Every structure is written in structure tokens, then in C-alpha cells.
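In: let me see the structure of the following:
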Amino acid sequence: MSPLPLPPVPEPFQLPFHYGALHHLGVDWLVAPGPVGELLAKHHPGLSAAEFDGQALVSFNYQLYFAQYAFGGGVTQEIEYNVIAFPTAESDRIPRLTYAQYAQGWDQTKLLGIARIHVLCDNPYAISAGRALYAEPKYPGWFEVGLPSLNGPAGETWTVHGKAADVGQDEALEKSETPLFSLTAALDDIAAAPANNTPITGYGTCQDGRVLAGPMNVYQPYRWYDLSAPEHTDRVSLTVHAPDSDLGRDIGSLVADTPAAGAWSYQSPPVAAHNRPYFLPSRPPAG
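Out: Numbering: from 1, shown residues only. Below you'll find the model as predicted:
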């Protein structure tokens with residue numbers, strides 16, 4: 001078999017894309033495999049849904065990231081609704097893992113990746129890049145959030161409200177007040193385990209049916225939260241406000257009222273701090 005050519009990198013994009021800072025929350029649900037397989041077949045026929053002790057896994061994750069360009073900087077927010085999947089042709093290489101083992105990075109083949117079903121993003125440039133480079137099903141949306149921050153009150157609660165948007169003729173984001181979903185993950189006072197789970201393989205399917213695999217490296221471990229204990233059932237809530245939208249239907253058909261199995265987060269460490277000022281002592285005038 002001859003080597004495959006690399007996918008093209010169309011202008012004006014270039015790879016790799018470097019993140020200047022990343023704040024990332026993911027939530028995982030273990031669900032019945034039947035509906036997951038049916039949804040995956042519609043979007044990615046070359047992939048199969050992974051199973052962990054007989055259950056499939058879907059994830060919903062939020063990203064806030066900064067990138068520095070030659071002309072300055074840009075801030076982007078997006079969410080991904082994913083099925084954990086692998087190339088069907090590579091099924092004999094997939095390790096048998098529990099969900100907890102997968103979440104902590106035990107799959108070193110990196111064939112267990114995220115098959116993107118929906119991606120909402122508030123940056124028209126990033127929408128174009130995701131579609132052109134990674135065959136992402138990426139479309140406009142915008143977000144109102146509350147995040148753990150060194151510049152805010154102490155705590156580990158994430159709140160993300162997603163709303164509809166369009167991209168205008170001038171390539172500017174046009175926001176709508178139509179709510180799509182709300183996600184809350186209250187991770188306060190839960191012990192987190194370090195998770196060496198990158199590179200994360202992201203799968204996309206081109207219009208001609210070819211599958212793309214794009215790895216993303218994060219240079220420090222994630223924090224993984226085990227939410228399987230009964231006392232953590234109410235830690236995560238995912239509410240669909242637009243059940244007739246494509247995203248709403250696909251969330252409702254897979255997740256419904258299923259408790260989250262786990263969550264994972266990463267926040268870039270600060271690189272500088274502007275400290276509290278102090279007064280200089282007043283000095284009496286000379287003479």
C-alpha cells in the first residue's frame with residue numbers, strides 16, 4: 001500500500017496552530033451504544049463508536065483560547081459535541097479499557113478520539129479554519145460563561161450558556177438571543193487526578209468520505225474528576241433550550257437525563273501578575 005498524501009493546508013491558514021492560552025472543560029456521559037452508533041454512521045461512516053464495559057461515550061466540551069498572530073491577538077470560544085470513536089479498519093488495535101482508564105490517558109495508540117458531531121464557535125475565522133483544515137461540522141454560536149479564575153472568586157464551577165448566531169456578509173458574527181443549551185459543572189471539593197490524555201485525536205469526515213485525524217497536544221496534564229459516585233449525580237446539568245435544533249435533538253437522543261460519568265479540565269497557568277500597589281511615605285518639604 002502506497003503512503004497517503006497529507007491533506008492540503010489552504011491559504012491563508014498554516015499549521016500547526018499554536019494556542020497562546022487555553023481554558024478547557026469537558027464532560028463525559030456513558031450511554032447506550034445503539035443510538036450512538038446510528039448517529040455516528042450518519043456523520044462519520046468510516047468510524048465506529050468505542051465501548052467501555054458495554055457502553056458508548058459522548059462528550060461535551062467548552063474551550064476558551066487565545067492565539068497571537070502577526071497582526072495581534074484573538075480570543076475564541078467554542079463547544080464540541082463528540083462521540084468517542086475509532087477508525088473501523090483499525091478495530092484490531094483498540095485496547096480494552098474502562099472509562100476511567102481511557103479518561104486518564106491509558107490509550108497510547110491515540111486511536112480512541114473525538115468524532116465531532118457539532119461544533120459551535122464565536123470566531124468566523126476559526127469556523128472557516130476548522131472546516132477547511134479538519135473537516136469540522138463547525139457553525140456560528142456565542143457564549144455567556146462563568147469560569148474558575150485567579151481573577152475571580154474562589155471555586156471550581158463552570159457555567160456555559162450557548163446561543164445562536166450567524167456570520168454576516170462582512171464576516172462578522174451576528175449574535176441572536178435564541179438560547180441553545182446551558183451547561184453547569186460544579187467541581188468544587190472533588191479530588192482531581194492528573195490525566196496524561198493528549199494528544200487528543202480529533203476526527204472529521206470530508207465531503208468525499210475520507211476521514212481526517214488531527215491530533216492536538218496540550219503540554220501539561222488535564223485534571224480528571226470521577227463523577228461516578230451517587231453523591232456526584234447532581235454535579236453536572238446540561239439543559240437543552242432548543243430541542244428542535246440539530247444540536248438539541250442529538251443531545252436529547254443520546255444524553256437525556258443520564259448522569260455525567262466524569263469531567264476534565266485544563267487551565268493555562270498565568271505567565272505574569274500585576275501586583276497590588278503600595279504607598280510611598282510622604283516626605284516633608286525641604287527647608
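
In: who's in contact with the residue lying closest to residue 215 once chain neighbours are set aside?
Out: Closest residue to residue 215 apart from its sequence neighbours, by C-beta to C-beta, 6 or more residues apart in numbering: residue 199 at 3.7 Å. All C-beta atoms are positioned from the backbone trio N, CA, C, and that covers glycine. Applying C-beta atoms under 8 Å, 6 or more residues apart in numbering, we find residue 199 in contact with 110, 215-218.

In: sort out for me which of these are in strands.
Out: Mapping these onto strands (DSSP state E) picks out 215-216.

In: got TSV for the contacts of residue 199, with pLDDT, neighbour count and distance to residue 60 too?
Out: As requested, these are exported to TSV (pLDDT from 0 to 100; neighbours: other C-beta atoms under 10 Å; distance: C-beta to C-beta, whole Å):
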residue	pLDDT	neighbour count	distance to residue 60
110	96	15	21
215	96	12	21
216	97	16	17
217	96	9	22
218	96	16	18
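
In: which single one of the contacts of residue 199 is nearest to residue 234?
Out: For those, the residue nearest residue 234 by C-beta to C-beta is residue 218; the value is 28.7 Å.

In: which phi and psi does that closest one have?
Out: The phi and psi values for residue 218, taken as degrees, to the nearest 10, are phi -120, psi 130.

In: list the contacts for it?
Out: 22, 24, 198-200, 266.

In: same question for residue 139.
Out: Residues in contact with residue 139 (C-beta under 8 Å, 6+ apart) are 118-121, 127.

In: please give the element, helix or strand, for it.
Out: strand 138-146 (DSSP states H and E).

In: for that strand, output the C-alpha coordinates as PDB.
Out: Taking C-alpha atoms only, strand 138-146 is exported to PDB below (Å, rounded to 0.1, in the frame of the first residue of the first chain):
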ATOM      1  CA  LYS A 138     -18.500  24.000  12.700                       C
ATOM      2  CA  TYR A 139     -21.000  26.700  12.700                       C
ATOM      3  CA  PRO A 140     -21.600  30.100  14.500                       C
ATOM      4  CA  GLY A 141     -22.700  30.500  18.100                       C
ATOM      5  CA  TRP A 142     -21.800  32.600  21.000                       C
ATOM      6  CA  PHE A 143     -21.500  32.100  24.800                       C
ATOM      7  CA  GLU A 144     -22.100  33.700  28.200                       C
ATOM      8  CA  VAL A 145     -19.900  32.000  30.800                       C
ATOM      9  CA  GLY A 146     -18.800  31.900  34.400                       C
END
